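Undergrad: Have a look at this prediction, sequence included:
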Amino acid sequence: MRTPQVATLEGLPNRVTVYEVGARDGLQNESTVLDVAVKIEFIERLVASGLRAVELTSFVPPSWIPQLADAEALLKGLGELAGRHPVLVPNQRGLDRALEAGVREIAIFASATESFAQRNLNRSRAESLAIFADVAQRAVASGMAVRGYVSMCFGDPWEGDVALGSVADVVEALVAMGCGEVSLGDTIGVATPGQVVALLDELARRGIGPERLAVHFHDTYGQALANTLCALQQGVTTVDASAGGLGGCPYAGSATGNLATEDLVWHLQGLGIETGVDLEALCRTSLWMAGQLGRPSPSRTVSALAASLEGPVAEA
């Protein structure tokens, strides 16, 4: 299998954490509802490929996202896994379920805009942050780590441009309530590199450095890798991605898939940045999942390497 030729650039980190969201953010946006055994195999394959931060599922009401209605069965079937394995929780009931399942890290999901807060959470931005503050504080008191997401950081389909201050206010609130890491989401994929740098600079001015941040780009306009490189140059070392480019956002119709994990790993390998990920094993996993979903993988790296991968997984 072909691998990228390595040519390093100055000012980049030596190692990047690839935070895998395919099993949660990816599958929640698929029309196909997969059997729990398929999801378990998917996650086990992702972990076996070297990914050490894999978000597993979401404890949202099944009526909201039926694709993830089997969260308890999934966690019970997985057992112990190496690394970080958060689950998304929307409220206190979701936290109850996470605690009952023995989860050690949760994620909470806030919005930088009022419009998306209303459509995604049926509450104002302030109301949703108040709910998440109670969830986060209780989780921390229970010994859990908490990750925060901020959606619509670079543009909103209903409001248009999003002010830097609005995003930074929400990030500050999440940090204050106990989030050890906050992921900045380009939910509809409209960000460009200058916006990324401007937001990171604004957060730095408020005392929130890149060590507390992750980036989460969608590739709607083909800018995800360019935006990632700019974030790395600013010191960010955690990047969200989805195996095979699965997912989008069920509440934002213009959102296309997440940055594909394989595309990210190819990019990072070419820069000489360590990830710990076996690219071939990861590509085989995404080809296998594409077979389960009955459609080709949208990842360009998976498509480019598919012909060179041999064995039954590639043919699934």
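TA: Structure's in. What do you need? Numbers count the residues shown, from 1 in each chain.
Undergrad: which ones are touching the closest residue to residue 195 other than its chain neighbours?
TA: Of all residues beyond its chain neighbours, the one nearest residue 195 is residue 154 (5.2 Å), with distances taken as C-beta to C-beta, 6 or more residues apart in numbering. Where C-beta positions appear, they are placed from N, C-alpha and C, glycine not excepted. Applying C-beta atoms under 8 Å, 6 or more residues apart in numbering, we find residue 154 in contact with 162, 186, 190-191, 195-196, 199.
Undergrad: redo that, cut-off 10 Å
TA: Contacts of residue 154 were listed using C-beta atoms under 10 Å, 6 or more residues apart in numbering, and they are 112, 161-162, 164, 167, 184-192, 195-196, 198-199, 217-218, 223, 227.
Undergrad: From these, list just the buried residues.
TA: By the neighbour-count criterion of 16 or more other C-beta atoms under 10 Å, the contacts of residue 154 include these buried positions: 112, 162, 164, 167, 184-191, 195-196, 199, 217-218, 223, 227.
Undergrad: Helices - which of these land there?
TA: When DSSP state H defines the helices, the subset of the buried ones among the contacts of residue 154 inside them is 164, 167, 195-196, 199, 227.
Undergrad: with those in mind, which one is nearest to residue 116?
TA: Distance ranking of these against residue 116, using C-beta to C-beta, places residue 167 first at 12.0 Å.
Undergrad: where does the stretch 201-316 of the chain have low pLDDT?
TA: 248-256, 310-316 (pLDDT under 70).
Undergrad: And the strands in it?
TA: With DSSP state E, counting those that start in this stretch as the criterion, the stretch 201-316 of the chain has strands at 213-217, 238-241.
Undergrad: So which other helices or strands are in contact with the shortest one?
TA: Same thing as strand 238-241. For strand 238-241, the helices and strands in contact under the criterion 3 or more C-beta pairs under 10 Å, 6 or more residues apart in numbering; DSSP states H and E are strand 17-20, strand 181-186, strand 213-217, helix 224-233, helix 261-270.
Undergrad: Can I get it as CSV, trimmed to CA atoms?
TA: Output in CSV follows, covering the C-alpha atoms of strand 238-241 (Å, rounded to 0.1, in the frame of the first residue of the first chain):
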residue,chain,number,x,y,z
THR,A,238,-6.1,17.3,19.1
VAL,A,239,-8.1,16.9,15.9
ASP,A,240,-11.6,15.3,15.5
ALA,A,241,-12.2,13.1,12.5
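Undergrad: on that earlier part again, can you read off the pLDDT for the residue nearest to residue 195?
TA: The pLDDT attached to residue 154 in the predicted structure is 97.
Undergrad: what do you get for residue 61?
TA: On the pLDDT scale, residue 61 is placed at 89.
Undergrad: Residue for residue, what is the longest helix the protein has?
TA: In the chain, with assignment by DSSP H, the single longest helix is helix 125-141.
Undergrad: in that helix, what counts as buried?
TA: Along helix 125-141, these residues count as buried under the neighbour rule (16+ other C-beta under 10 Å): 125, 128-129, 131-133, 135-136, 138-140.
Undergrad: Determine how far stretch 187-202 lies from the middle of the whole chain.
TA: Stretch 187-202 has its average C-alpha position 17 Å from the chain's average C-alpha position, going by C-alpha atoms, centre = their mean, to the nearest Å.
Undergrad: My error: substitute stretch 267-286 in the last question.
TA: On the basis of C-alpha atoms, centre = their mean, the separation between the geometric centre of stretch 267-286 and that of its chain is 17 Å.
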